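Q: Fold the following for me, if possible:
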Amino acid sequence: MEASYKKMKAAGKFDESKVVYKETTPSVHLKDLDPHPIFKGNPDKPMVSFLINVAWGNEYIPDILDVLKKHKTKASFFFDGSWVSKNPDLAKLIHSEGHEIGNHAYSHPDLQQKSEAETMEELKKTNEVIKKTLGIPSPKWFGPPSGSFNQQTVETASQLGMHTVLWTVDTVDWKKPATHEMVNRVVSQVENGSMVLMHPTKPVAEGMEDMITQITEKGLRLGTVSELLSEKRVNGTAWTDE
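A: You can find the predicted model right below:
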């Protein structure tokens, strides 16, 4: 109240545009919740995140990275561990561009059919190859291959310090849709907190620029999963730390 008063004092009248808000910390944090899959961010947060699962599609990665760089957009890439082992330079390139790295298991298994021990091995092995190849801490986010999981999967990921993330909007790019149809479908569905699933495919490489442009035109900002799911508000003219 004092900061708001100071900004309006000279004019001598109330001006809503000069109201200063102080961001407060929520009483419940993500770490306080029991292990559950996350399908969406805060519905009041005008941000969208791209989840790019990488187990194949090397030929399209450079074009996707070029468009993301052009638009100063960061995405979250979920790495298949065996892919990292075979493509360390490409994995390093993605990381060097400032994108977030997540765990996508090691051999693209159907985790609903795996035991706890098998799931643990898949996830630990992937974390280890990511740490060894990129020299970074273990990922915070885990994306189940093909979206196949059960509660055991989520709890196993939690034991390794990872939250399980799924998606809100699916490009279904692996079905090779017409690029403009895929873009239109995605853009029409995204809203506050949406997480958009995609892979390094031809439709995504061709449609990435239009998706970024049209999503931002809807007043939504693009960011990583960590940015989307953080407690920080999206910066705006009404929100300051004064």
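Q: quick one: low-confidence ranges for the chain?
A: 23-24, 26-30, 32-33, 235-242 (pLDDT under 70).
Q: what's the lengthiest strand in it packed up against?
A: As assigned by DSSP state E, the longest strand anywhere in the chain is strand 47-54. Here strand 47-54 touches strand 76-79, strand 195-198, strand 221-222, helix 225-229, going by 3 or more C-beta pairs under 8 Å, 6 or more residues apart in numbering; DSSP states H and E. Yep, even glycine has a C-beta here, placed from its N, CA and C like the rest.
Q: The second one: partners in the sheet, and parallel or antiparallel?
A: The reference is to strand 195-198. With DSSP bridges as the test, strand 195-198 is paired with strand 47-54 (parallel), strand 169-170 (parallel).
Q: So for His95, which of the ones you listed sits nearest?
A: strand 47-54 (11.5 Å; C-beta to C-beta).
Q: Need the CA coordinates for the closest one. CSV is fine.
A: Below are the C-alpha coordinates for strand 47-54, written out as CSV (Å, rounded to 0.1, in the frame of the first residue of the first chain):
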residue,chain,number,x,y,z
MET,A,47,2.4,-19.5,-20.1
VAL,A,48,2.8,-22.6,-22.3
SER,A,49,5.6,-25.1,-22.5
PHE,A,50,6.8,-27.3,-25.3
LEU,A,51,7.7,-30.9,-24.3
ILE,A,52,9.9,-32.4,-27.0
ASN,A,53,10.5,-36.2,-26.6
VAL,A,54,13.7,-37.3,-28.3
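Q: buried ones in the helix or strand following that strand?
A: Sequence order places helix 61-70 as the next helix or strand after strand 47-54, per DSSP states H and E. For helix 61-70, the neighbour count (16 or more other C-beta atoms under 10 Å) marks 61, 63-65, 67-68 as buried.
Q: mind listing what the closest residue to Ala55 other than its chain neighbours touches?
A: Closest residue to Ala55 apart from its sequence neighbours, by C-beta to C-beta, 6 or more residues apart in numbering: Asp80 at 3.6 Å. Contacts of Asp80 were listed using C-beta atoms under 8 Å, 6 or more residues apart in numbering, and they are 53-55, 104-108, 126, 145.
Q: Residues in a beta bridge with Ile52, which ones?
A: Phe77, Met198.
Q: and the top helix by length along the chain, what other elements does it pack with?
A: Scanning the chain for the longest helix, with DSSP state H as the assignment, gives helix 116-134. On a contact count with 3+ C-beta pairs under 8 Å, 6+ apart, helix 116-134 meets helix 81-86, helix 88-96, strand 100-103, helix 151-159.
Q: In PDB, list the C-alpha atoms belonging to stretch 99-119.
A: This file holds the C-alpha atoms of stretch 99-119, laid out as PDB (Å, rounded to 0.1, in the frame of the first residue of the first chain):
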ATOM      1  CA  HIS A  99      17.000 -25.800 -23.300                       C
ATOM      2  CA  GLU A 100      15.900 -27.800 -20.300                       C
ATOM      3  CA  ILE A 101      16.700 -31.600 -20.200                       C
ATOM      4  CA  GLY A 102      14.300 -34.200 -18.900                       C
ATOM      5  CA  ASN A 103      14.300 -38.000 -18.500                       C
ATOM      6  CA  HIS A 104      12.400 -40.200 -21.100                       C
ATOM      7  CA  ALA A 105      13.600 -43.600 -19.800                       C
ATOM      8  CA  TYR A 106      16.400 -45.500 -21.500                       C
ATOM      9  CA  SER A 107      14.900 -47.900 -24.100                       C
ATOM     10  CA  HIS A 108      11.400 -46.400 -24.700                       C
ATOM     11  CA  PRO A 109       9.700 -49.200 -22.600                       C
ATOM     12  CA  ASP A 110       6.000 -49.600 -21.800                       C
ATOM     13  CA  LEU A 111       6.400 -48.800 -18.200                       C
ATOM     14  CA  GLN A 112       3.000 -50.100 -17.300                       C
ATOM     15  CA  GLN A 113       4.300 -53.500 -17.900                       C
ATOM     16  CA  LYS A 114       7.600 -53.100 -16.000                       C
ATOM     17  CA  SER A 115       8.400 -54.000 -12.400                       C
ATOM     18  CA  GLU A 116       9.500 -51.400  -9.900                       C
ATOM     19  CA  ALA A 117      13.100 -52.600 -10.200                       C
ATOM     20  CA  GLU A 118      13.000 -52.500 -14.100                       C
ATOM     21  CA  THR A 119      11.500 -49.000 -14.000                       C
END
